[in-house]
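**Student:** Sequence isn't available, so here's the structure alone:
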């Protein structure tokens with residue numbers, strides 16, 4: 001309390017605050033280094049957890065894909081995806097490996113209620129290039145179902161955009177598959193797969209679904225890592241980032257699809273209403289980095305919430321808020337099934353109690369005795385992010401501090 005009062009008066013500098021700022025910078029640097037050193041373990045853990053979520057997939061691949069080496073090759077494919085260091089590399093590797101379990105594959109970026117081709121694999125030479133500018137109709141059929149439900153859907157050739165079939169040819173087995181690529185619980189892209197236009201092709205739907213799920217999880221990890229690295233920035237850079245409104249150039253830097261401007265879409269300053277599953281934001285806003293993009297897409301506050309505080313206290317509040325958001329995002333990433341079930345049954349806290357309390361302790365140790373200690377941003381983020389601003393979803397046993 002003394003530090004806060006002295007800082008607010010503007011007459012004297014608090015040595016305790018200065019010392020704490022120095023310690024925070026050291027802690028932030030160490031956290032980033034530790035996170036980097038644990039990336040291999042994170043990859044192994046993601047593979048293990050993804051396979052637990054889809055136990056049927058390994059059996060299906062072993063039985064039906066002996067020529068591909070069964071589940072061993074599937075694990076290699078997932079490892080290759082998780083070896084990507086940029087979002088573009090990750091998504092390209094996804095497509096490269098998708099055609100190991102299908103005849104053709106393509107990724108369509110979902111922006112402003114439309115799905116635009118990004119890259120394709122397995123089409124003829126001209127087809128792969130023309131995927132980039134193709135507008136997939138997502139108003140009906142399998143694409144609409146996948147987009148609306150955020151679940152994979154398969155169907156016959158008649159269930160896909162007829163213009164797509166006319167341009168690229170129908171699959172020989174009359175079967176198509178569309179899978180949503182979820183980032184921050186929103187559909188950022190649609191992955192299309194079929195057995196190919198030629199005879200003798202095959203489509204292993206379970207394997208493709210597993211690859212898409214692994215890609216989504218790894219993109220989330222990549223976003224968390226990038227956010228953690230940002231904590232190493234200097235105090236001046238941090239203040240500049242916090243005070244500046246989100247701009248399209250910053251979003252484009254983290255958007256793997258930024259260089260791909262759909263020819264059939266005209267950027268509009270206002271978001272185009274879409275189905276609840278679609279990210280409602282302008283075309284130029286990033287989609288593939290959920291943590292950063294979600295913050296960039298949010299409207300800038302009319303006034304600085306910490307404007308009435310001293311610069312030192314305001315910086316502590318901002319850092320505490322970011323750290324709380326990072327902790328809660330990590331809980332969501334590794335407990336997606338529990339989060340979904342907890343929301344449905346309105347007992348989210350009971351299902352995640354161990355993870356929540358461990359993260360709460362971490363937050364309190366770092367910011368509980370600072371100027372931001374009374375704000376309890378961690379509990380606020382739990383309600384906002386996990387419970388979607390509905391405290392009752394957390395359950396009767398939830399406590400804020």
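**Tutor:** The structure has been received and is ready for your questions. Bear in mind that the values here come from a model prediction, so they are computed numbers and not experimental data. Numbers count the residues shown, from 1 in each chain.
**Student:** Where do the domain boundaries of the protein fall?
**Tutor:** The chain breaks down by automatic domain parsing into domains covering 1-37+301-401, 39-223.
**Student:** quick one, helices of the stretch 301-401 of the chain?
**Tutor:** All helices of the stretch 301-401 of the chain, identified by DSSP state H, counting those that start in this stretch, fall at 311-334, 336-345, 348-367, 377-381.
**Student:** other SSEs contacting the first one?
**Tutor:** Under the contact criterion of 3 or more Cβ pairs under 8 Å, 6 or more residues apart in numbering; DSSP states H and E, the helices and strands touching helix 311-334 comprise helix 2-9, helix 15-37, helix 205-230, helix 235-243, helix 290-297, helix 348-367, helix 377-381. Glycine gets a C-beta too; all of them are placed from N, C-alpha and C.
**Student:** Try it again at 7 Å.
**Tutor:** Under the contact criterion of 3 or more Cβ pairs under 7 Å, 6 or more residues apart in numbering; DSSP states H and E, helix 311-334 touches helix 2-9, helix 205-230, helix 235-243, helix 348-367, helix 377-381.
**Student:** which residues touch stretch 160-179?
**Tutor:** Stretch 160-179 is contacted from outside by 123, 127, 134, 136-137, 141-143, 146, 152-157, 159, 190-199, 201, 203, 205, 208-209, 212, using Cβ atoms under 7 Å, 6 or more residues apart in numbering.
**Student:** same check, this time on stretch 350-367
**Tutor:** 320, 323-324, 327, 331, 335, 338, 341-342, 349, 373, 378, 382, 395, 397.
**Student:** Run through the neighbouring helices and strands of the helix or strand hosting residue 115.
**Tutor:** Secondary structure from DSSP states H and E places residue 115 in strand 114-121. If you count contacts as 3+ Cβ pairs under 7 Å, 6+ apart, strand 114-121 packs onto helix 87-98, strand 104-111, helix 125-130, strand 135-136.
**Student:** Just the buried positions in the first one, please.
**Tutor:** Residues of helix 87-98 classed as buried: 87, 88, 90, 91, 92, 93, 94, 95, 97, 98 (neighbour count, 16 or more other Cβ atoms under 10 Å).
**Student:** Wait, the first one touches residue 219, no?
**Tutor:** The one in question is residue 87. Yes - because the distance of 6.3 Å satisfies Cβ atoms under 7 Å, residue 87 is recorded as touching residue 219.
**Student:** I'd like to know how many residues surround residue 345.
**Tutor:** By the measure other Cβ atoms under 10 Å, the count of residues near residue 345 is 12.
**Student:** swap in residue 389?
**Tutor:** 9.
**Student:** just the one 10 residues further on next, same as before
**Tutor:** Neighbours of residue 399 under the rule other Cβ under 10 Å: 10.
**Student:** shaky segments in the stretch 101-250 of the chain?
**Tutor:** Applying pLDDT under 70 to the stretch 101-250 of the chain flags residues 125-128, 227-250.
**Student:** and residue 100, that's in a helix?
**Tutor:** No - counting by DSSP: H, G, I helix; E, B strand; the rest coil, residue 100 is not part of a helix but coil.
**Student:** you'd agree it is up against residue 76?
**Tutor:** No - using Cβ under 7 Å as the test, residue 100 is too far from residue 76 to be in contact (9.6 Å).
**Student:** quick one: which of the two has more around it?
**Tutor:** Applying other Cβ under 10 Å to residue 100 and residue 76 shows that residue 100 carries more neighbours, namely 19 against 14.
**Student:** distance of that one from residue 193?
**Tutor:** Distance, residue 100 to residue 193, using Cβ to Cβ, to the nearest Å: 11 Å.
**Student:** And residue 217, by the same measure?
**Tutor:** Using Cβ to Cβ, one gets 19 Å for the distance from residue 217 to residue 193.
**Student:** okay, those two: which has more neighbours?
**Tutor:** residue 193 (32 against 25).
**Student:** Can you report phi and psi for the more buried one?
**Tutor:** In terms of degrees, to the nearest 10, the main-chain angles of residue 193 are phi -150, psi 140.
**Student:** Next up, the contacts around it.
**Tutor:** 98, 102, 104, 105, 177, 203, 208.
**Student:** residues near the closest residue to residue 137 other than its chain neighbours, how many?
**Tutor:** Distances taken as Cβ to Cβ, 6 or more residues apart in numbering place residue 161 nearest to residue 137, at 4.0 Å, with adjacent residues excluded. Residue crowding around residue 161 was assessed by other Cβ under 10 Å; the count is 21.
**Student:** is residue 176 in a bridge, and if so with what?
**Tutor:** Note on residue 176: beta-bridge partners residue 155, residue 194, judged by DSSP bridges.
**Student:** Report how many residues lie close to it.
**Tutor:** 27.
**Student:** Contact partners for the residue nearest to residue 84 when sequence neighbours are not counted?
**Tutor:** Leaving aside its chain neighbours, residue 84 sits nearest to residue 90 (3.7 Å; criterion: Cβ to Cβ, 6+ apart). With contact set as Cβ under 7 Å, 6+ apart, residue 90 has these partners: 81, 84, 215, 218, 219, 222.
**Student:** got JSON lines for the residues you listed, with neighbour count and distance to residue 389 too?
**Tutor:** Below are the contacts of residue 90 laid out as JSON lines (neighbours: other Cβ atoms under 10 Å; distance: Cβ to Cβ, whole Å):
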{"residue": "81", "neighbour count": "26", "distance to residue 389": "33"}
{"residue": "84", "neighbour count": "18", "distance to residue 389": "34"}
{"residue": "215", "neighbour count": "29", "distance to residue 389": "29"}
{"residue": "218", "neighbour count": "24", "distance to residue 389": "28"}
{"residue": "219", "neighbour count": "25", "distance to residue 389": "25"}
{"residue": "222", "neighbour count": "23", "distance to residue 389": "27"}
